[in-house]
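Novice: Based on what follows, work out the 3D shape:
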Amino acid sequence: MADPRNPGTSDAAQAAGLLVAVAETLNERLAVTAEELARSQLLLRESSAHLMTAFRGAADRIVAAQKAAANGPEERNAEYALVLDHLYRAVHHLQSHDLVNQLIDAQKLRVGKMREKLEEALSLAAPPAREPQQPEQWIERSRAMLDCIVAGIRQIDDDARAPVRSDKHHAGSVDLF
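Specialist: Just a heads-up that it's a prediction; the model follows:
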């Protein structure tokens, strides 16, 4: 591959190989991160659903008990009101899972876009150099890979600064990105 008469070719080929290894490693790590984000989001959804059901059930039972004991002592009613207040506040805080899901979705989108750019960069390294003895060929391929990766980072940064989009299909949700 490298020309022994031209040590620059060997260095350029090594540099290109290192760049490919870095891009592949980053791509693998981003794939793991995307899987972890998806798994976290699923666990969050499941936990929030179970908690929401439990809190609403408890609140409903307290309301029923409060109605049944309407003629009872005022002290019992005050205690029920306090418990209900705590339960309804807990339900309100659980609704933050919508916000967390949107944050996770935004991160998954960014990871996906960066993975696409890394795959594109790796595809630029795939064609063999036309003249492997020439360091310029390796440098050109490395530069094309780096340009592609930098363009992906720029795109992600631009997307992060994009105006807030409104999704009217999810009532009660808060859009951040």
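Novice: other SSEs contacting the worst-scoring helix or strand of the chain on mean pLDDT?
Specialist: One helix or strand of the chain scores below all others by mean pLDDT, DSSP states H and E: helix 74-94, with a mean of 73. Helices and strands touching helix 74-94, by 3 or more Cβ pairs under 8 Å, 6 or more residues apart in numbering; DSSP states H and E, are helix 7-68. The C-beta positions use only the backbone N, C-alpha and C, and glycine is treated the same way.
Novice: Could you check how far the most centrally placed residue in the chain is from Ser142?
Specialist: In the chain, the C-alpha nearest the mean C-alpha coordinate belongs to Gln107, at 2.5 Å (Cα atoms, centre = their mean). As for Gln107, its distance to Ser142 is 29 Å (criterion: Cβ to Cβ, to the nearest Å).
Novice: what does Lys108 give?
Specialist: For Lys108 relative to Ser142 (Cβ to Cβ), the value is 29 Å.
Novice: More neighbours: which of the two?
Specialist: Per other Cβ atoms under 10 Å, whichever of Lys108 and Ser142 has more neighbours is Ser142, with 21 against 16.
Novice: Which strand or helix spans the more buried one?
Specialist: Here Ser142 sits within helix 135-160, counting by DSSP states H and E.
Novice: Report the distance from that helix to the chain centre.
Specialist: Using Cα atoms, centre = their mean, to the nearest Å, the mean C-alpha position of helix 135-160 is found 22 Å from that of the whole chain.
Novice: Buried ones in that helix, by neighbour count?
Specialist: Of the residues in helix 135-160, those buried by neighbour count under the rule 16 or more other Cβ atoms under 10 Å are 135, 137-142, 145, 148-149, 152.
Novice: do the same with stretch 35-51
Specialist: So, applying 16+ other Cβ under 10 Å, buried residues of stretch 35-51: 37, 41, 48.
Novice: List of residues touching it?
Specialist: Residues outside stretch 35-51 that contact it (Cβ atoms under 8 Å, 6 or more residues apart in numbering): 90, 94, 97, 100-101, 104-105, 107-108, 111.
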